[in-house]
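A.B. asks: 3D model of this:
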Amino acid sequence: MNKGKFVHIVDTTLRDGSHAVAHQFTREQITAIAGGLDEAGVEYIEVSHGDGLAGSSHNYGWAALSDEEMLLAAAEVIRKGKLTVLLLPGIGTQEDLKLAIDCGAKAVRVATHVTEADIGEQHIGLAKKMGLEAFGFLMMSHMAPPEKVAEQAALFESYGADYVYVADSAGAMLPEDVKARVEAVVEKVKVPVGFHAHNNLTLATANCLAALEAGTTFLDGACRGLGAGAGNAQTEALVGVLDRAGYRTGVDFYKIMDVAEDIVEPIMHRPQVVRNAPLMQGYAGVYSSFLLHTYRAAEKFGLDPRDILVELGRRRMVGGQEDMIIDVAYQLAQQRGGG
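C.D. replies: Sure thing, here's the model as predicted:
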């Protein structure tokens, strides 16, 4: 049934993986990874601070390199793939997008909270005006019902987005959750639909398959799963699974495995395993990039990071509210007579 169906692969090792290395990718590492991904046949190679263009800051974590340095390092070795960037309106600006284009970016993913697609209208418009492929990327899609996700995807389409994405930013969805949301979006829009998984409940690859069954044609992955929280669907494993299932990706299975094992794994700060706190993120539905901030707050106030994550989930905190994590930890410590 799936024989011959093509699935576009977006690798986020050099963007979502930035969170897992505290945004400290070096120029040499970026060149090696981007070159390896390109040689393996990955179509879209995403490179940015974990929180997108201009994410390097006190609030989100300082990067070792500027946006310009990261993008130029990748552009230097990408021959066949498309250098892709992430932009969160409110963090990245139109000027940042222009800089990315000057550095060789061919595509941009404009990411908003699942109920706030309207704040991406200007950025999608500018991207199209300047010749970029534009993705509308709905983060934390588990927080809205399928009909709301579809409504917001349609807004992105109306702004000119070439593709729209359902993103399980907290790794909180079960396969039936993914299927319901992707089916609703596929039914609502005419542009291709993608899915971005996180692995907090160890369902990233299974959820990608559920998304495919529901009609998506774009999938995200990261080598060795390197990404925020529990990480993403493992690109090399995803490519193998898709091949077994009869899909085509254009990615060389041996070469992408070698990129993961020989280039990415040696630079990882820790194995990308689902430890207790990332598991709790998925269980409580908390944004994946909150993890390192939570660990720091837990250490500062002598708390169990799982307690902070449960409270963040209860308060329905969303991306961009990283500065509130320390407040939540302080309040929990006060309630317990510490801090």
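A.B. asks: CA atoms for contacts and neighbours, from now on please.
C.D. replies: Fine.
A.B. asks: Name the nearest residue to Glu116, ignoring sequence neighbours.
C.D. replies: Once flanking residues are discounted, Glu116 sits nearest to Gln152: 7.4 Å by C-alpha to C-alpha, 6 or more residues apart in numbering.
A.B. asks: Same check on Tyr295?
C.D. replies: Closest residue in space to Tyr295, ignoring its immediate chain neighbours: Pro305 at 5.9 Å, by C-alpha to C-alpha, 6+ apart.
A.B. asks: what's the burial count for the one you found?
C.D. replies: Pro305 has 23 neighbours, counted by other C-alpha atoms under 10 Å.
A.B. asks: quick one: low-confidence parts of the stretch 101-250 of the chain?
C.D. replies: Nowhere does the stretch 101-250 of the chain drop to pLDDT under 70.
A.B. asks: for the stretch 201-339 of the chain, what spans make up the helices?
C.D. replies: Ranges of helices in the stretch 201-339 of the chain, per DSSP state H, counting those that start in this stretch, are 204-214, 235-244, 253-258, 276-284, 291-301, 305-314, 323-335.
A.B. asks: Tell me which of these lies nearest to His196.
C.D. replies: helix 204-214 (7.9 Å; C-alpha to C-alpha).
A.B. asks: quick revisit: need the helices of the stretch 201-339 of the chain in TSV (columns: distance to Pro192).
C.D. replies: Shown next, in TSV, are these (distance: least, C-alpha to C-alpha, whole Å):
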stretch	distance to Pro192
helix 204-214	12
helix 235-244	18
helix 253-258	24
helix 276-284	27
helix 291-301	31
helix 305-314	31
helix 323-335	35
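A.B. asks: Among those, single out whichever gets nearest to Phe25.
C.D. replies: Nearest to Phe25, of all the helices of the stretch 201-339 of the chain, is helix 291-301, at 16.2 Å by C-alpha to C-alpha.
A.B. asks: quick one: the residue nearest to Glu116 and Thr112 touch, right?
C.D. replies: No: judged on C-alpha atoms under 8 Å, Gln152 makes no contact with Thr112 at a distance of 10.0 Å.
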